[in-house]
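Colleague: structure, please.
(6 chains)
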Number of protein chains: 4
Amino acid sequence: MASKYTAILQAALDLVAEYGFRGTTMALVIRHSRVSAGTIYHHFASKDEMIQALYRQIKTGFYQALLQGEPQHQPWPRYLEQLWLNAFHYAIEHPRETSFLEQYDHAPDYPREDGAEHELSAPLEPMMQRVRADLAAGVLLDLPFDVLYELTLGVALALARQQIAGRIVLNEMQQRDIARACCRAVSR
Amino acid sequence: MASKYTAILQAALDLVAEYGFRGTTMALVIRHSRVSAGTIYHHFASKDEMIQALYRQIKTGFYQALLQGEPQHQPWPRYLEQLWLNAFHYAIEHPRETSFLEQYDHAPDYPREDGAEHELSAPLEPMMQRVRADLAAGVLLDLPFDVLYELTLGVALALARQQIAGRIVLNEMQQRDIARACCRAVSR
Amino acid sequence: MASKYTAILQAALDLVAEYGFRGTTMALVIRHSRVSAGTIYHHFASKDEMIQALYRQIKTGFYQALLQGEPQHQPWPRYLEQLWLNAFHYAIEHPRETSFLEQYDHAPDYPREDGAEHELSAPLEPMMQRVRADLAAGVLLDLPFDVLYELTLGVALALARQQIAGRIVLNEMQQRDIARACCRAVSR
Amino acid sequence: MASKYTAILQAALDLVAEYGFRGTTMALVIRHSRVSAGTIYHHFASKDEMIQALYRQIKTGFYQALLQGEPQHQPWPRYLEQLWLNAFHYAIEHPRETSFLEQYDHAPDYPREDGAEHELSAPLEPMMQRVRADLAAGVLLDLPFDVLYELTLGVALALARQQIAGRIVLNEMQQRDIARACCRAVSR
DNA sequence: AATGAATGAGCATTCATTCAT
DNA sequence: AATGAATGAATGCTCATTCAT
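Modeller: Model prediction:
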């Protein structure tokens, strides 16, 4: 049954979001998913591989959310604003996934499998091309891709985390204003 | 002798930066600091309290570094650029401290002691007043403090981490350009 | 298999009787029972809970032994003499169990779960009723139950412990004489 | 200063009565006595020797209390009743000492130094002679000394412990009745 | 596919004791 | 006589993983 597989990852997500990787013991996953130890190890070779499967699943969903509304077909800078808002909304609506990604991306001891990273980001290709086109057209600051990312989507995610944590509350107008501010920052 | 206390925190910092909280076992701290288990627990009530003492020490150093050159006395927007560059330089020059703070700030399972947080940030008060003055003067976007932080210093730290990880290399001109871009983003 | 559970309690009993609670380390239980640490903690939540499970098992056996020969159906004072001898014989024949109970009952730091106590003593109800009847009939001194206990069975156990320790040796006639002496003490 | 020595034993007594031997760590003794670790080990070679010094001090006091009113000069059975009541009163008035002795006497892992035992009981000699005389005179049951002890003073202490624990409350008349009952039990 | 009892290396922590001051 | 920082072997317990059923 595929439902066991799903139940395991579901439980793991809930637990990591609440207790972190450190606090997410296999015993806890077993209890919450109502699946036996043996079954978990039938589906995943190890705890780390389970975590990575979850990572791939979540990252795939995030990338899909980013492309909602096909922003790459919209005019500059609307297209980047749309991307920003897509990232922000995804994070707000998926707090557990966001917490998971935050932990995964900032923990030095979680194995990065760079091959997988590449494969996962394949659906983003249309967007990447658009960025390259805009760079060539001179509307974007001539900076490494990762820099542009941090100045825009990185900020969107950081702010969404602050809102999830309850430290700020941004209304729609503010969200739009900040999205524009980020676009201004990377505009030439 | 205070040197045992220092040796413990030194070893803990090295280990957390390399192996993360999870991988920093007390056995490893004992081995690296060349201090016995009993002595560590003579100075710190638990592993968590040791980590928090380290956090306080590092955060204090970071806040001092931010105020280097007394940016609060410089004209807008030089003052914010200076702050941005101070944050970026601190991170680049203190990769282990930066790694530690990154992990601490993004782990849901590390105890936040909000009292300590408040006390630690006391030296920043002059800077905070300057920000409040600029907000009142209308040169800064009217947004919550945390939002302004993420649009500026948050980006500086995120980029410094990327550079430490070797994914980007920013020369001085680029650093200055990006600092200016962030100032532009929060300018009215 | 229930045999692991049994082996653990068996080893714990042997060790407590010989070395006391203090000296019965989990490492020793692991070695003697030839069961792994994990398995012990699979069956018992903690060392204390293991000790308590053992206590319940032993106490149950002791209460059964007390009722051997259905003393409650014998005439006064034969019935009390029988009880006295049952207690004495149980202790002599079960020196390790007796040592365990002695330690448990006299240690201030071993958690009493009064609920369990009540449940364990349920099989004694017929005997208790008989005591109550004898009290009402006026053949027993009008004293609290615990006092009658200490004057009779309490003495039996104390003497059995002396014999186990090798400080005295009581032959059958002496045992019977002392049982009678105790009955005399509580007779009206 | 002798007051340090006294403070150490005082603290140890309080702690053993409340937490047991197991729970009485040297760290706790240090904290409660307000005496440093070094000083404790200056006065006592080890924790065990400290416990034994305390044992000797308490046992000496108990034996003195037993002889209060010189019972050995009173007629039979008044003399034994007096002894019984002396034991009972001592225990009620010295609950911590009683708890200590109870634990010490029933723990298999506390070193018995039989030499000391003999020396401590020297002041009891007059009483012992009186018992031997009564045995010879045929007023006492012809049973080993330890048996007579358990049937009389052993019961007094057991009942005092029950009263300290709050399970029974014996008024003066009841105490006297039970003392008489015990005398009856050992009378020929 | 699924179970869950069993494993044992490893974990954070304790604690009686020592020794330089 | 007194201090208390320092020691490190030992403690109770955890946890990712295995394997017979």
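Colleague: residues near A:Ser46, how many?
Modeller: 11 (other CB atoms under 10 Å in any protein chain shown). (Glycine included, C-beta is placed from N, CA and C.)
Colleague: and the one helix or strand in chain A whose mean pLDDT sits lowest, what does it pack onto?
Modeller: In chain A, the helix or strand scored least confidently by mean pLDDT, DSSP states H and E is helix A:114-120, which has a mean of 82. In terms of contacts (3 or more CB pairs under 8 Å, 6 or more residues apart in numbering or on different chains; DSSP states H and E), helix A:114-120 is packed against helix A:47-66.
Colleague: now do the buried residues in the helix it packs on.
Modeller: A:47, A:50-55, A:57-59, A:62-63, A:65-66 (16 or more other CB atoms under 10 Å in any protein chain shown).
Colleague: ends of stretch A:166-175, how far apart?
Modeller: 16 Å (CA to CA, to the nearest Å).
Colleague: how about A:Met127, nearest residue that isn't a chain neighbour?
Modeller: A:Gln72 (5.1 Å; CB to CB, 6 or more residues apart in numbering or on different chains).
Colleague: wait, the one you found touches A:Arg130, no?
Modeller: Yes - assessed by CB atoms under 8 Å, A:Gln72 is found in contact with A:Arg130 at 4.3 Å.
Colleague: check whether stretch A:90-107 contacts DNA strand F.
Modeller: No - using CB under 7 Å from any atom of the strand, stretch A:90-107 never reaches DNA strand F; the gap is at least 14.1 Å.
Colleague: is chain B within reach of that stretch?
Modeller: Yes - with CB under 8 Å from any CB of the partner chain as the measure, stretch A:90-107 is seen reaching chain B through A:99, A:102-103, A:105-107.
Colleague: can you lay out those as a markdown table showing secondary structure, neighbour count and pLDDT?
Modeller: Formatted as a markdown table, the residues of stretch A:90-107 next to chain B follow (DSSP: H, G, I helix; E, B strand; the rest coil; neighbours: other CB atoms under 10 Å in any protein chain shown; pLDDT from 0 to 100):
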| residue | secondary structure | neighbour count | pLDDT |
| --- | --- | --- | --- |
| A:Ser99 | helix | 21 | 97 |
| A:Glu102 | helix | 21 | 95 |
| A:Gln103 | helix | 22 | 94 |
| A:Asp105 | helix | 14 | 91 |
| A:His106 | helix | 17 | 92 |
| A:Ala107 | coil | 20 | 89 |
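Colleague: could I get those as CSV with distance to D:Ile168?
Modeller: What follows is these, written out as CSV (distance: CB to CB, whole Å):
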residue, distance to D:Ile168
A:Ser99, 59
A:Glu102, 62
A:Gln103, 59
A:Asp105, 67
A:His106, 64
A:Ala107, 61
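Colleague: closest one of those to chain C?
Modeller: Of all the residues of stretch A:90-107 next to chain B, A:Ala107 has the smallest distance to chain C: 27.1 Å, by CB to the nearest CB.
Colleague: how near is the closest one to B:Arg22?
Modeller: 8 Å (CB to CB, to the nearest Å).
Colleague: for A:Arg22, the count of nearby residues, please.
Modeller: Neighbours around A:Arg22, by other CB under 10 Å: 16.
Colleague: re earlier: buried set for the least confident helix or strand of chain A?
Modeller: Of the residues in helix A:114-120, A:Leu120 count as buried by neighbour count, 16+ other CB under 10 Å.
Colleague: so what touches it?
Modeller: A:52, A:56, A:59-60, A:63 (CB atoms under 8 Å, 6 or more residues apart in numbering or on different chains).
Colleague: the most far-flung residue of chain A relative to its centre: which element?
Modeller: Residue distances from the centre of chain A (CA atoms, centre = their mean) peak at A:Gly38, which lies 30.3 Å from the mean C-alpha position. Assigned by DSSP states H and E, A:Gly38 belongs to helix A:37-43.
Colleague: now check that helix, is it near DNA strand E?
Modeller: Yes - if you take CB under 7 Å from any atom of the strand as the test, helix A:37-43 does meet DNA strand E, through A:37-39, A:41-43.
Colleague: that helix vs chain C: in contact?
Modeller: No - Helix A:37-43 is not in contact with chain C by CB under 8 Å from any CB; minimum separation 11.5 Å.
Colleague: look at the closest residue to DNA strand E within chain A and report its pLDDT.
Modeller: Residue nearest to DNA strand E within chain A (CB to the nearest atom of the strand): A:Gly38, separated by 2.0 Å. Looking at A:Gly38, its pLDDT stands at 95.
Colleague: also A:Pro111?
Modeller: 65.
Colleague: over to A:Val35?
Modeller: As predicted, A:Val35 sits at a pLDDT of 96.
Colleague: assumed it was part of a strand.
Modeller: No - read with DSSP: H, G, I helix; E, B strand; the rest coil, A:Val35 is coil and lies in no strand.
Colleague: what's around it, how many residues?
Modeller: 19.
Colleague: buried residues in the helix or strand harbouring A:Arg22?
Modeller: Using DSSP H and E, A:Arg22 falls within helix A:2-23. Along helix A:2-23, these residues count as buried under the neighbour rule (16+ other CB under 10 Å): A:4-5, A:7-17, A:20-22.
Colleague: rewinding a little: now do the shared contacts for A:Ala107 and B:Arg22.
Modeller: A:Phe21.
Colleague: and the residue nearest to A:Met127, how close does it get to A:Tyr79?
Modeller: For A:Gln72, the distance to A:Tyr79 - CB to CB - is 6 Å.
Colleague: common neighbours of those two, please.
Modeller: A:Arg130.
Colleague: got the confidence number for the residue nearest the centre of chain A?
Modeller: Note on chain A: the residue nearest the mean C-alpha position is A:Phe62, at 4.8 Å, using CA atoms, centre = their mean. pLDDT for A:Phe62: 97.
Colleague: residues contacting it?
Modeller: Neighbouring residues of A:Phe62 by CB under 8 Å, 6+ apart: A:90, A:94, A:97, A:101.
Colleague: ok, 7 Å please
Modeller: A:Tyr90 (CB atoms under 7 Å, 6 or more residues apart in numbering or on different chains).
Colleague: neighbours of the residue of chain A at minimum distance from chain C, how many?
Modeller: Nearest residue of chain A to chain C, counting by CB to the nearest CB: A:Ala27, 10.6 Å away. Neighbour count for A:Ala27, taken as other CB under 10 Å: 9.
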